[in-house]
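In: one predicted model, sequence on top.
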Amino acid sequence: TRQHRPSVDRPSHSSSRPDVALFGQAWRFSRILAEKILNLEAVIGLRGRPRAARRGIEGGAPMDSAAGRPRSIRNAGNWASWHAYWASAAVALVLALCVVRPAAADEGFKAWLAELWPEAQVFGVSRKTFDAAFRNVEPDLRLPDLVIPGRKQSPRGQAEFTRPPQAYINSAQLARLAAAGRALQAEHAETLREIERRFGVEGHAVLAIWGRETAFGAHQLPHYAFRALATQAYLGRRKEMFRNELLHALKLVEEGSATFEQMRSSWAGAIGLPQVMPSEFHQFAYDLDGDGRKDIWTSIPDSLATIARQLQAKGWVKGQTWGYEVRLPPTVDCSLEGPANARPLSEWIAMGVRRAFNRQFPAHVRSEEAYLMAPGGAYGPVFLVLENYRVIRRYNMSDLYAVFVGNLADRIAGGGDFETPWQNITQLSTREVEEIQRLLKELGYAIGEVDGKIGSITRWQIGKYQKDNRLKVDCWPTKELLQRLRAAAAP
């Protein structure tokens, strides 16, 4: 039987189009302004009114849902004030539309859309679909990761890189999602068995991705996908990537895979229950429920199969976990973190690394290559991670994301929390992390891209710098580290 996402999670039509949303904002503003005007009129003409009417209006009377007017006016029978209310509302609506109307159209954006149209046409998009997608759409300058001439660069808003580890990998949230995931595992057991048979990806891993991406469909995607993608393609740091995604999004609607109403997304344009990019939909979407449509918006089987197919394509190893929490001996620290320091698991064991909770490493994985992963430096749990960890990172290129998904999958399968708790780690700003990266790079450390993201390479190189300078090795960017690097760079 076909299984659907609950209808309450579907976005309303009014929220999916900017022009409708704008009118709604104006109308709400007009009602508030009208009541203020009416209350002022009531105060001015208060003498001679019945005591009950005075009491109601002075108290800021609530609206009567049945009659559509303030209860105090209805009860007092003061129809002059009732007419004044709606007259005020009409005036206020005009004022509100003036207040909330967007600035004059961005002529550069209009020219950019005109330049995009021939590409969209070659991509198989009709003029009707193209015009409908961008009707009343202007760039959303609130989005992160934009480069706007004359403005400071907007912050890079991916939570995996802006929140400290203890906030992102939240134990209470993981426990809630795991409980929901176990219930869904029982409910969709037959679907998950079929997915594992076809794609070789275990059900708890597929559910963990869904849980992280949209909390099993409970998360309401906040953006109109065409506006988000067009803004990123027009003003973002990664214009070409988002231009391609925008063309794929247009094709999605053109071919009937999605409606405009369904095209809600993250700020980066990820869509549907599994939060895939539009180009990934065309690569990996799968019709598991057999209704002839690849539906990642309302079909749970199709959504889960789409996740599994993507993990399979990225190299998922059937029957293997993502990694193990470990205890480090005094001779091993986070300065050995990262893929560049990978070696067989048996070598890590020979170096004195042990599993958390006094558990043993399974014999069948001891020959597998593993590397050390310390997402919080020395201030949280440390892991030896295997190939499936890398596969999860290919779904979303973040260590915190991969650890979250991995632990959630373990919990759904019956596991629990980490042995080592997260400490209260301070997260520096993106600009401060960029400065640390730049200064380390100038000193000859192998930082690679200066991007403000605290990844395994940055932590590894911080650890190497600390070890080279006989400092405490914690592999974490701090204010103290930044000050020391600034001093070292001073003439």
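Out: The structure has been received and is ready for your questions.
In: shaky segments in the stretch 151-300 of the chain?
Out: 152-161 (pLDDT under 70).
In: and the strands in it?
Out: Counting by DSSP state E, counting those that start in this stretch, the stretch 151-300 of the chain has strands at residues 223-224, 264-265.
In: columns distance to residue 276 and mean neighbour count on top of these, output as JSON lines?
Out: All C-beta spots, glycine's among them, are computed from the backbone N, C-alpha and C. Putting these into JSON lines (distance: least, CB to CB, whole Å; neighbours: other CB atoms under 10 Å) gives the following:
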{"stretch": "strand 223-224", "distance to residue 276": "15", "mean neighbour count": "22"}
{"stretch": "strand 264-265", "distance to residue 276": "10", "mean neighbour count": "22"}
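In: in the stretch 251-400 of the chain, which spans are helices?
Out: 278-284, 300-313, 345-350, 387-395, 399-412 (DSSP state H, counting those that start in this stretch).
In: let's have these in TSV, adding distance to residue 490 and mean neighbour count.
Out: Below are the helices of the stretch 251-400 of the chain laid out as TSV (distance: least, CB to CB, whole Å; neighbours: other CB under 10 Å):
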stretch	distance to residue 490	mean neighbour count
helix 278-284	47	20
helix 300-313	48	25
helix 345-350	40	16
helix 387-395	37	21
helix 399-412	32	25
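In: now residue 221: phi and psi?
Out: When read as degrees, to the nearest 10, the backbone of residue 221 gives phi -70, psi 130.
In: show me what the residue nearest to it when sequence neighbours are not counted is bridged to.
Out: Using CB to CB, 6 or more residues apart in numbering and skipping residues adjacent in sequence, the residue nearest residue 221 is residue 264, 3.9 Å away. Note on residue 264: beta-bridge partners residue 224, judged by DSSP bridges.
In: wait, isn't residue 264 in contact with residue 224?
Out: Yes - contact criterion CB atoms under 8 Å: residue 264 and residue 224 qualify, at 6.9 Å.
In: okay if I get the strands of the stretch 151-300 of the chain as a markdown table plus distance to residue 480?
Out: Formatted as a markdown table, the strands of the stretch 151-300 of the chain follow (distance: least, CB to CB, whole Å):
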| stretch | distance to residue 480 |
| --- | --- |
| strand 223-224 | 38 |
| strand 264-265 | 40 |
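In: which of the ones you listed sits closest to residue 429?
Out: Among the strands of the stretch 151-300 of the chain, the nearest to residue 429 by CB to CB is strand 223-224 (24.2 Å).
In: for that closest one, packing partners?
Out: strand 264-265 (3 or more CB pairs under 8 Å, 6 or more residues apart in numbering; DSSP states H and E).
In: low-confidence regions, the stretch 351-491 of the chain specifically.
Out: Ranges of the stretch 351-491 of the chain meeting pLDDT under 70: none found.
In: please enumerate the strands of it.
Out: 354-355, 369-373, 382-385.
In: make TSV out of those strands and add distance to residue 193 and mean neighbour count.
Out: As requested, those are exported to TSV (distance: least, CB to CB, whole Å; neighbours: other CB under 10 Å):
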stretch	distance to residue 193	mean neighbour count
strand 354-355	30	16
strand 369-373	29	22
strand 382-385	27	25
